[in-house]
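In: I would like to see how this sequence folds:
(4 chains)
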Protein chains: 2
Amino acid sequence: MIQELKNSYGRQFENSLINDILQVGTFREVPAGYKLIEIGDYIKGMPLLVSGAIKVLREDKEGDELLLYYLEQGDTCSMTMTCCIGQTQSEIRAIAEVDTKLIMIPIRKMEEWTAKYKSWRNFVFESYHNRLNELLITLDSIAFDRMDERLVNYLKEKARVNNEQIIRNTHQEIAQELHSSRVVISRLLKKLEQIDKIELHRNYIKILDL
Amino acid sequence: MIQELKNSYGRQFENSLINDILQVGTFREVPAGYKLIEIGDYIKGMPLLVSGAIKVLREDKEGDELLLYYLEQGDTCSMTMTCCIGQTQSEIRAIAEVDTKLIMIPIRKMEEWTAKYKSWRNFVFESYHNRLNELLITLDSIAFDRMDERLVNYLKEKARVNNEQIIRNTHQEIAQELHSSRVVISRLLKKLEQIDKIELHRNYIKILDL
DNA sequence: ATTTATCAGTAACATTGGTTACACACACAA
DNA sequence: TTGTGTGTGTAACCAATGTTACTGATAAAT
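Out: Purely as a prediction, here's the structure:
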């Protein structure tokens, strides 16, 4: 755990904070698809991502989903932080996008370290900043872009996070994360294939040049 | 200034913090319609809202607007906080919705107080929490609701913030804040009038029963 | 080998929302 | 009074997206 922690956070956290984290943090490894947080859950700890990626999803009353953003190495979940403080329930669902390693910090430490460590404060503020900006980007995309643009961005981002040019999802799954319908996504994907940007296969999509 | 500060923040801030704020804060009164922050601005201070309301807007490349949320008494601008730290430019536009009183805090104090005052830390975290949640609600509305629902919510929220049952805006202005078109909004408003939920007039709308 | 479930392709159609165009009413200034 | 600008109502049309229905292909299960 110590090596992974130093790799991901060694530059920004001072040694005494690293030691504190080692004292109280618990290391976890979760496989792709593992559900870390469900909507309505009470949060018991704050995750520090060491490797992998977590997708954060929103859901409406009818159960329709929408992908908000991905958390990656060096990120933490802002929602979690605020939920801890107010003892409120989670507003989002969090699912490992790939095999992921993370360190869980008990929430009581968060407040303590905020007073004690400048680097921790900066980390927390930066984290909020990043999450707010990602949320704004997602919002822009929904408010201002058409579905074809959103789909292209989705494929690009997914390829980046998974670090390969193959998207291993069905059209149905993509439609859900974009809050659209399977037929619409199939239609738009077919158009992308016709202009040689992707190659369609059963259960996966190969990205050629997006 | 001292009385207004105590009214809005006296319960959550300890006296020594109140005194610090009085030392370095500057009191400002701005009229409805006054533009406090433009997209791309570098932020010089952090606003504590004493009374009134500020609307926060997002804009896309083509200059189309979208209302994100309102800041009210006791709120502060999370975007501002994060912009200060990173010395980055503002991602949003902020305009006084009504006549508004606020106290501006120099940004350097923010970091200092975060270490010094527990109540300030809580305030900052709660503020982030609230803004994140409001952003999520806005996002839900755009992603999951149809324009007619969004319009109803817009009218309700506007009436609440302005504290009267009259919306003093043209259809054009409403269309802009919802990122729609004037004709669409006129159409939907007319439907609302036909079912006796509102009354339409030139330059204003009277809310009957939403 | 046969059945069954899942996935993708496609057509026809419905709905929502955006666009264009024009009429008319009102306010205000010359 | 007569223009002139602005705000609203409305019709006709269009584009994007969603829905329904059906097809065939592939994979998995029996």
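
In: make it CA atoms for all contacts and neighbour counts henceforth
Out: Fine.

In: what angle do the longest helix belonging to chain A and helix B:118-144 make?
Out: The helix that spans the most residues within chain A, counting by DSSP state H, is helix A:118-144. With axes from the mean of the first three to the mean of the last three Cα atoms, to 10 degrees as the basis, helix A:118-144 and helix B:118-144 are set at 20 degrees to each other.

In: wait, does the next helix-or-strand element following helix A:118-144 contact DNA strand C?
Out: Sequence-wise, the next helix or strand downstream of helix A:118-144 (DSSP states H and E) is helix A:147-162. No - Helix A:147-162 lies out of reach of DNA strand C by Cα under 7 Å from any atom of the strand, never closer than 13.1 Å.

In: Show me what the residue most central in space within chain A bridges to in the sheet.
Out: Centroid-nearest residue in chain A, with Cα atoms, centre = their mean: A:Y70, separated by 2.4 Å. When bridges are called by DSSP bridges, A:Y70 pairs up with A:K55.

In: so it touches A:L57, yeah?
Out: No - the criterion here is Cα atoms under 8 Å, and A:Y70 misses it with A:L57 at 9.1 Å.

In: For A:I174, give me its contacts.
Out: The neighbours of A:I174, taking Cα atoms under 8 Å, 6 or more residues apart in numbering or on different chains as the test, are A:182, A:185.

In: Are we agreed that it is in a helix?
Out: Yes - assessed by DSSP: H, G, I helix; E, B strand; the rest coil, A:I174 belongs to a helix.

In: picking that back up, taking the mean pLDDT, what do you get for the longest helix of chain A?
Out: The pLDDT scores in helix A:118-144 average 92.

In: That helix and chain B, are they touching?
Out: Yes - Helix A:118-144 comes into contact with chain B (Cα under 8 Å from any Cα of the partner chain), by way of A:118, A:125-126, A:128-129, A:132, A:135, A:139-140, A:142-144.

In: Put together TSV for those, with distance to A:I43 on each row.
Out: Shown next, in TSV, are the residues of helix A:118-144 next to chain B (distance: Cα to Cα, whole Å):
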residue	distance to A:I43
A:K118	25
A:F125	20
A:E126	21
A:Y128	17
A:H129	21
A:L132	20
A:L135	21
A:L139	25
A:D140	29
A:I142	28
A:A143	30
A:F144	33
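
In: Just the buried positions in the longest helix of chain A, please.
Out: Neighbour counts over helix A:118-144 (16 or more other Cα atoms under 10 Å in any protein chain shown) mark A:118-132, A:135-136, A:138-144 as buried.

In: now swap in stretch A:202-210 and tell me
Out: So for stretch A:202-210, counting by 16+ other Cα under 10 Å, buried means A:205-207.

In: which one among those gets closest to A:D41?
Out: Closest to A:D41 out of these is A:I205 (33.8 Å), distances taken as Cα to Cα.

In: Would you agree that closest one falls within a strand?
Out: Yes - under three-state DSSP, A:I205 falls within a strand.

In: pLDDT value on the closest residue in space to it that isn't next to it in sequence, please?
Out: The shortest distance from A:I205 to any non-neighbouring residue, by Cα to Cα, 6 or more residues apart in numbering or on different chains, is to A:I167 (5.0 Å). The model reports A:I167 with a pLDDT of 97.

In: and if you look at A:C83?
Out: Per the predicted model, pLDDT is 68 at A:C83.

In: Ok, A:R93 next?
Out: A:R93 is given a pLDDT of 95.

In: Without its sequence neighbours, what residue ends up closest to it?
Out: A:E38 (4.6 Å).

In: Look at that neighbour and say how many residues are nearby.
Out: 16 (other Cα atoms under 10 Å in any protein chain shown).

In: just checking, next helix/strand downstream of the least confident helix or strand in chain A by mean pLDDT?
Out: Least confident helix or strand of chain A, by mean pLDDT, DSSP states H and E, is helix A:78-86 with a mean of 72. Counting by DSSP H and E, the next helix or strand C-terminal to helix A:78-86 is strand A:93-96.

In: counting contacts, what elements does that following strand pack onto?
Out: With contacts defined as 3 or more Cα pairs under 8 Å, 6 or more residues apart in numbering or on different chains; DSSP states H and E, the packing partners of strand A:93-96 are strand A:35-37, strand A:53-59.

In: buried set for it?
Out: A:93-96.

In: Could you tell me the angle between the helix or strand following that strand and strand A:53-59?
Out: Sequence order places strand A:100-106 as the next helix or strand after strand A:93-96, per DSSP H and E. Counting by the same axes, to 10 degrees, strand A:100-106 lies at 70 degrees to strand A:53-59.
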